[in-house]
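Chemist: Coordinates for the following, if possible.
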Amino acid sequence: MDANLNTVYRYHEETKHHFQRYARSLGFLDWSTQPDPFRRFAGAPITQLEMPPQEDGPTWDGLFAGDREAVPVTPASISRFFYFSLALSAWKEVLAPSGKVASRWALRVNPSSGNLHPTEGYLVGPDGVFHYGPETHVLEQRGAYAGPEWSKFAKNQPNEAFLVGLTSIHWREAWKYGERAFRYCQHDVGHALAALSLSAACLGWQTRLAEGWGTEVIERLLGVREQVGPEKEHGDCLVRVWPGPAATDLARVELPEPASWTGTPNRLSEGHQEWPIIQEIAAVTRGQGGPAAPSIMTRKTAPRSDRGLSAQGLIRNRRSAVSLDGTTGLPRNDFFDLLERLMPHQDHPVFGAAPDLNHVSLAIFAHRVDGLDPGLYVLVRHPDHEASLRAAMREDFSWTRPEGCPADLPLFLLGRGDLRHVSRQLSCGQDIAADGAFSLGMLARFDHALTNGGAEMYPRLFWETGMIGQMLYLEAEAAGRRGTGIGCFFDDEVHKVLGIADHTWQSLYHFTVGGAIEDTRLRTGPAY
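Modeler: Numbering: from 1, shown residues only. Sure, this is the predicted structure:
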């Protein structure tokens with residue numbers, strides 16, 4: 001095993017939670033160094049984006065029914081694109097007994113671990129490179145081209161194509177979560193990727209994770225290469241966006257480099273706690289710009305009936321459940337429909353945007369699915385996974401098809417039983433894992449992905465789980481429920497329950513869905 005992969009396996013092992021100890025962190029919140037949730041670039045020219053009309057787009061189910069007529073790429077549609085992907089969705093306030101606001105914080109369309117938001121978004125188009133500022137819904141111009149540089153790139157792309165870049169400031173998560181923070185930053189990239197793809201789909205646009213350009217090129221293009229220190233933005237990925245039909249062959253050409261830069265990044269914290277292992281894992285997982293692994297994603301299912309729910313309404317009103325009521329279930333057919341939406345295929349607006357990310361299947365703890373036996377299930381999200389999962393898991397699992405399950409949904413019952421206590425215990429004792437209709441662990445085909453893709457596959461496994469998590473959030477909303485991601489779980493105890501004894505499969509992210517309890521102590525205000 002090469003040195004980079006050794007570092008990946010060491011980081012992954014050292015940042016696992018165990019019954020006897022948690023992954024290393026400060027163990028308390030140092031409020032004096034709390035990071036600013038908003039990056040700004042002082043001195044950069046600002047373009048104020050107009051607020052789009054509310055809920056004038058397609059239905060949620062309509063997004064999955066086929067191609068829509070594309071909206072032209074204009075300043076107004078770019079505004080809509082960011083408003084329904086990376087913008088603020090609301091402000092929350094806690095009132096003091098006097099009636100004055102004691103605390104206030106923003107929520108965003110794209111969720112984040114601890115609402116810390118390490119992910120920054122950039123627009124790269126014919127007018128230059130712009131940082132998206134969600135606090136005030138603006139574009140800050142960072143870079144400008146000289147001459148026909150963009151034209152050279154654009155002529156090899158679909159009509160009116162542009163790029164979106166995502167970066168991560170690892171310090172924002174490390175401030176609270178310590179060494180495990182790198183994992184959570186990558187979850188958040190996946191949530192943002194899904195949010196961008198769904199917003200694009202509302203406009204009839206296509207997205208595709210851009211392959212072939214390494215981290216060095218991404219950071220140079222976005223103007224963050226020269227940043228240093230704990231608040232540095234690490235280049236994660238580029239996404240191609242274009243109106244019209246899907247493109248089967250996207251040319252890899254040299255990216256244009258801006259000739260001039262403006263703006264100085266603001267300081268986020270007065271002080272920092274160093275976590276050297278995060279710097280190490282970030283260094284060895286930098287992308288090298290190699291070709292994407294081929295993928296087979298041809299599965300296509302008949303669209304479900306349209307429930308008439310506004311896609312943009314669901315997207316902007318999505319919330320993370322803080323607690324669940326412990327009584328609300330989910331009808332069996334709604335559960336099956338929800339799982340169907342998590343299956344990848346080429347025309348899926350989220351998973352079709354990253355066709356080589358197909359390494360994750362789901363271990364599901366069903367608690368309150370009406371008409372379905374409580375117990376442990378597995379959803380096999382790719383045909384290549386089943387044999388490996390069967391070999392890695394306990395020999396006494398039944399692997400039977402649940403009653404009423406659609407023939408084309410690869411869901412298997414492993415064992416019946418009330419697993420609420422187990423689910424709670426595995427998720428660091430959090431009641432929310434037991435009080436929903438179901439909870440689940442996202443299992444990545446770990447050794448296989450890293451052996452074939454190298455160290456740079458490690459963050460991409462978490463991207464895939466974040467994309468699945470975003471779909472779970474929105475499908476829960478569409479079913480009249482609420483979901484929330486769970487980053488705290490006892491890694492190897494999960495594996496023991498499943499019978500996994502090595503790194504063939506690893507649980508990377510947990511999630512739960514159920515009936516939410518609203519916190520009446522909080523007041524919700526408009527985003528802008």
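Chemist: ranges for the helices of the chain?
Modeler: Applying DSSP state H to the chain gives helices spanning 3-14, 75-83, 149-154, 170-177, 181-202, 215-222, 276-284, 311-317, 332-340, 385-392, 420-426, 446-453, 457-478, 491-498.
Chemist: Which strands and helices lie in contact with the first one?
Modeler: Pointing back at helix 3-14 there. On a contact count with 3 or more CB pairs under 8 Å, 6 or more residues apart in numbering; DSSP states H and E, helix 3-14 meets helix 276-284. No exception for glycine: its C-beta is placed from N, CA and C like everyone else's.
Chemist: List of residues touching the helix it packs on?
Modeler: With CB atoms under 8 Å, 6 or more residues apart in numbering as the test, helix 276-284 has contacts from 3-4, 7-8, 11, 14-15, 170, 174, 179, 181-182, 234, 455, 458.
Chemist: circling back to that earlier point, weakest of the helices of the chain in terms of mean pLDDT?
Modeler: When those are compared on mean pLDDT, helix 149-154 scores lowest, with a mean of 82.
Chemist: in it, what counts as buried?
Modeler: Neighbour-count burial for helix 149-154 flags Glu149, Trp150, Phe153, Ala154 (criterion: 16 or more other CB atoms under 10 Å).
Chemist: hmm, back to that, would you mind giving the helices of the chain as CSV with distance to Val369 added?
Modeler: Rendered in CSV, the data for the helices of the chain read as follows (distance: least, CB to CB, whole Å):
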stretch, distance to Val369
helix 3-14, 32
helix 75-83, 35
helix 149-154, 49
helix 170-177, 31
helix 181-202, 24
helix 215-222, 42
helix 276-284, 37
helix 311-317, 21
helix 332-340, 5
helix 385-392, 21
helix 420-426, 13
helix 446-453, 28
helix 457-478, 13
helix 491-498, 19
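Chemist: hey, which helix or strand in this structure has the poorest pLDDT?
Modeler: Least confident helix or strand, the chain: helix 149-154 with a mean of 82, by mean pLDDT, DSSP states H and E.
Chemist: Contacts only, for the nearest residue to Arg172 once chain neighbours are set aside.
Modeler: Computed as CB to CB, 6 or more residues apart in numbering, the closest residue to Arg172 that is not its neighbour in sequence is Pro118, at 4.2 Å. Shown in contact with Pro118 (CB under 8 Å, 6+ apart): Ser112, Ser168, Ile169, His170, Trp171, Arg172, Glu173, Tyr184, Cys185, Asp188.
Chemist: again with Cys428
Modeler: His17, Cys488, Phe489, Phe490.
Chemist: How much space separates it from Ala363?
Modeler: Applying CB to CB, to the nearest Å, the value for Cys428 to Ala363 is 17 Å.
Chemist: Let me have the contacts of Pro118 in JSON lines, extended by neighbour count and distance to Ala479.
Modeler: Output for the contacts of Pro118, formatted as JSON lines (neighbours: other CB atoms under 10 Å; distance: CB to CB, whole Å):
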{"residue": "Ser112", "neighbour count": "23", "distance to Ala479": "23"}
{"residue": "Ser168", "neighbour count": "27", "distance to Ala479": "31"}
{"residue": "Ile169", "neighbour count": "25", "distance to Ala479": "34"}
{"residue": "His170", "neighbour count": "23", "distance to Ala479": "34"}
{"residue": "Trp171", "neighbour count": "24", "distance to Ala479": "36"}
{"residue": "Arg172", "neighbour count": "30", "distance to Ala479": "31"}
{"residue": "Glu173", "neighbour count": "29", "distance to Ala479": "29"}
{"residue": "Tyr184", "neighbour count": "25", "distance to Ala479": "26"}
{"residue": "Cys185", "neighbour count": "29", "distance to Ala479": "29"}
{"residue": "Asp188", "neighbour count": "29", "distance to Ala479": "24"}
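Chemist: ranking the helices of the chain by burial, who's on top?
Modeler: Highest mean neighbour count among those (mean count of other CB atoms under 10 Å): helix 181-202, with a mean of 27.
Chemist: Dump the C-alpha coordinates for it into CSV.
Modeler: The C-alpha trace of helix 181-202 is given here as CSV (Å, rounded to 0.1, in the frame of the first residue of the first chain):
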residue,chain,number,x,y,z
ALA,A,181,-14.1,17.5,10.9
PHE,A,182,-12.6,16.6,7.6
ARG,A,183,-15.2,13.9,7.2
TYR,A,184,-18.0,16.3,7.9
CYS,A,185,-16.6,18.9,5.4
GLN,A,186,-16.9,16.2,2.7
HIS,A,187,-20.5,15.4,3.7
ASP,A,188,-21.2,19.0,3.2
VAL,A,189,-19.7,19.0,-0.3
GLY,A,190,-22.0,16.2,-1.2
HIS,A,191,-25.0,18.1,0.1
ALA,A,192,-24.0,21.1,-1.9
LEU,A,193,-23.5,19.1,-5.1
ALA,A,194,-27.0,17.7,-4.7
ALA,A,195,-28.4,21.1,-4.0
LEU,A,196,-26.8,22.6,-7.1
SER,A,197,-28.1,19.7,-9.3
LEU,A,198,-31.6,20.0,-8.0
SER,A,199,-31.7,23.8,-8.4
ALA,A,200,-30.3,23.3,-12.0
ALA,A,201,-33.0,20.8,-12.7
CYS,A,202,-35.7,23.3,-11.7
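Chemist: got the angle between it and helix 3-14?
Modeler: With axes from the mean of the first three to the mean of the last three CA atoms, to 10 degrees applied, the angle from helix 181-202 to helix 3-14 works out at 100 degrees.
Chemist: Closest one of the contacts of Cys428 to Trp463?
Modeler: Nearest to Trp463 out of these is Phe489 (CB to CB; 18.7 Å).
Chemist: and the gap between the closest one and Gln506?
Modeler: From Phe489 across to Gln506, the span is 12 Å (CB to CB).
Chemist: Just want the most central residue of the chain.
Modeler: Centroid-nearest residue in the chain, with CA atoms, centre = their mean: His191, separated by 1.8 Å.
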